[in-house]
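>>> My questions are about this predicted structure, shown below with the sequence.
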Amino acid sequence: MEARSHTRQMIGSLLVALSIVVVAVIVVTARFGPTSAAERELQEERIEQREELREERREAREERREER
């Protein structure tokens, strides 16, 4: 009987460990997967837009200076 109890305990422990690994993989994939890539892309677009706006403002200032 003792061997059977030990076997059940080992199988239970392995199932719990496997469950923890599966949950960890799901959490990491969800965090660093497509959502994260989309967030990075959005962030890059915002940076580009800011740079374009700065360039447009600089050009407008130069044009005003030239008009004087």
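Structure's in. What do you need?
>>> how close does Val28 get to Val22?
Going from Val28 to Val22 by Cβ to Cβ, to the nearest Å gives 11 Å. From N, CA and C alone the C-beta is placed, and that goes for glycine too.
>>> Check Ser13 too.
In terms of Cβ to Cβ, Ser13 sits 15 Å off from Val22.
>>> Over to Arg46?
Arg46 is 35 Å from Val22, by Cβ to Cβ.
>>> Could you check how many residues crowd around Ala37?
10 (other Cβ atoms under 10 Å).
>>> My error: substitute Glu62 in the last question.
Considering only other Cβ under 10 Å, Glu62 is surrounded by 10 other residues.
>>> Break this protein down into its domains, please.
Annotated domains of the chain cover 1-32, 39-68 [automatic domain parsing].
>>> These into JSON lines, with extra columns for mean pLDDT?
Listed next are the domains of the chain as JSON lines, based on pLDDT from 0 to 100:
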{"stretch": "domain 1-32", "mean pLDDT": "88"}
{"stretch": "domain 39-68", "mean pLDDT": "91"}
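>>> how many neighbours does Ser13 have?
Ser13 has 10 neighbours, counted by other Cβ under 10 Å.
>>> Can you tell me the element it falls in?
In this assignment (DSSP states H and E), Ser13 forms part of helix 2-32.
>>> next helix or strand past that helix?
Assigned by DSSP H and E, the successor of helix 2-32 is helix 34-67.
>>> tilt between that next one and helix 2-32?
Going by axes from the mean of the first three to the mean of the last three Cα atoms, to 10 degrees, helix 34-67 is angled at 20 degrees with respect to helix 2-32.
>>> and Ile20, how many neighbours does it have?
Applying other Cβ under 10 Å, we find 10 residues neighbouring Ile20.
>>> Alright, I will stop here.
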